[in-house]
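>>> Pasted the sequence and its predicted model underneath.
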Amino acid sequence: MEGNTMAYIRKTKDEWQVQGDYGNGWEPILTAENLDDAREQKRCYDENEPDVVHRIKLVRVKKN
């Protein structure tokens, strides 16, 4: 049985966000297109701001 099947089109895209906790909760610092870039940027922030905790979080944003 053949039917009309439509391919799913995502309405969002994934971005990797580097966030820092400066005392008021997690604040976004920058976004990266892939995890390797986010890890590299987080490493730089960890070295330059040793008193601040940083993390990488996957976020979904709407496509235009």
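Cool, the structure landed.
>>> Distance of the residue nearest the centre of the chain relative to residue 7?
When C-alpha atoms, centre = their mean is applied to the chain, the residue found nearest the centroid is residue 16 (1.8 Å). Separation of residue 16 from residue 7 (C-beta to C-beta, to the nearest Å): 26 Å. C-beta here means a position set from N, CA and C on the backbone, and glycine is covered the same way.
>>> ok, now residue 34?
Distance of residue 34 to residue 7, computed by C-beta to C-beta: 24 Å.
>>> now swap in residue 43 and tell me
Taken as C-beta to C-beta, the spacing of residue 43 relative to residue 7 amounts to 38 Å.
>>> Ok, residue 46 next?
41 Å.
>>> So between those two, which is more surrounded?
residue 46 (14 against 4; other C-beta atoms under 10 Å).
>>> Give me the below-cutoff pLDDT ranges for this protein.
Judged by pLDDT under 70, the chain has its weakly predicted residues at 1-3.
>>> Strands of that one, residue ranges please.
With DSSP state E applied, the chain shows strands at 12-21, 26-32, 53-62, listed in chain order.
>>> most neighbours per residue, which of those?
Burial of the strands of the chain is given as mean neighbour count (mean count of other C-beta atoms under 10 Å); strand 12-21 ranks first at a mean of 16.
>>> Summarise which helices and strands that strand is packed against.
In this structure, strand 12-21 packs against strand 26-32, helix 35-48, strand 53-62, with contacts taken as 3 or more C-beta pairs under 8 Å, 6 or more residues apart in numbering; DSSP states H and E.
>>> what does that strand contact?
The set of residues that contact strand 12-21 without belonging to it, under C-beta atoms under 8 Å, 6 or more residues apart in numbering, is 26-35, 37-38, 41-42, 45, 49, 52-63.
>>> Just give the strands next to it in its sheet, each with its orientation.
strand 26-32 (antiparallel), strand 53-62 (antiparallel) (DSSP bridges).
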